[in-house]
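Colleague: Sharing a sequence plus its predicted fold:
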Amino acid sequence: MKLKQGDLKMFVGICQLSLILPEGSSLKDKRSVIRSLLERLRRRFNISVAEVGRQDSLRRAEIGFAAVSNETTYLERLMHKVVSHIELDGCVEIENINKEIL
């Protein structure tokens, strides 16, 4: 089956967040907080999410998430909901956000 140009509409929303963990007292505690956050995000929003940087930093973390859709508006709303959920979490603070739709 050959697809013609314009037959396939697929968009990927990606977001990278720099986080601050104000209560971090050990790397073990940090990993527990991040692991819990990532699992909640996977379950609630059905996204691919991982810790992508600063793994050895005690009070900082970087996570990234991605989602695929045929609508950019859906991805924009989803990314906004995920970021809002993280902001309300209480265990982490968002330091920087980098979002893109491809």
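Modeller: Perfect, I can see it now. Given the structure is predicted, the values throughout are model-derived calculations rather than measurements.

Colleague: Can you tell me the centre-most residue of this protein?
Modeller: For the chain, the residue sitting closest to the mean C-alpha position, by C-alpha atoms, centre = their mean, is Phe65 at 3.3 Å.

Colleague: What residues are bridge-paired with it?
Modeller: Beta-bridge partners of Phe65, counted by DSSP bridges, are Cys15, Val49.

Colleague: repeat for Ile101
Modeller: With DSSP bridges as the rule, Ile101 is bridged to Gly13.

Colleague: list the contacts for it?
Modeller: Applying C-beta atoms under 8 Å, 6 or more residues apart in numbering to Ile101 gives the contacts 11-14, 72, 75-76. In this view, the C-beta of every residue, glycine as well, is placed from N, C-alpha and C.

Colleague: Dump those to CSV, plus pLDDT, distance to Ser25 and neighbour count.
Modeller: Putting the contacts of Ile101 into CSV (pLDDT from 0 to 100; distance: C-beta to C-beta, whole Å; neighbours: other C-beta atoms under 10 Å) gives the following:
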residue, pLDDT, distance to Ser25, neighbour count
Phe11, 96, 41, 16
Val12, 97, 37, 12
Gly13, 97, 34, 22
Ile14, 98, 31, 16
Thr72, 94, 41, 13
Leu75, 96, 36, 23
Glu76, 97, 37, 15
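
Colleague: Relative to Ala61, which of those is nearest.
Modeller: Taking C-beta to C-beta as the measure, Ala61 lies nearest Ile14 of those, at 17.1 Å.

Colleague: unless I'm mixing things up, that closest one is touching Val68, no?
Modeller: No. Look at Ile14 against Val68 with C-beta atoms under 8 Å: they stay out of range, at 10.1 Å.

Colleague: gap between stretch 17-24 and the chain center?
Modeller: Computed by C-alpha atoms, centre = their mean, to the nearest Å, the chain-centroid distance of stretch 17-24 equals 14 Å.

Colleague: If we go by neighbour counts, what in that stretch is buried?
Modeller: Going by neighbour count (16 or more other C-beta atoms under 10 Å), the buried part of stretch 17-24 is 17-19, 21, 24.

Colleague: Over to stretch 41-56?
Modeller: For stretch 41-56, a neighbour-count test (16+ other C-beta under 10 Å) marks 41, 47, 49, 51, 54 as buried.
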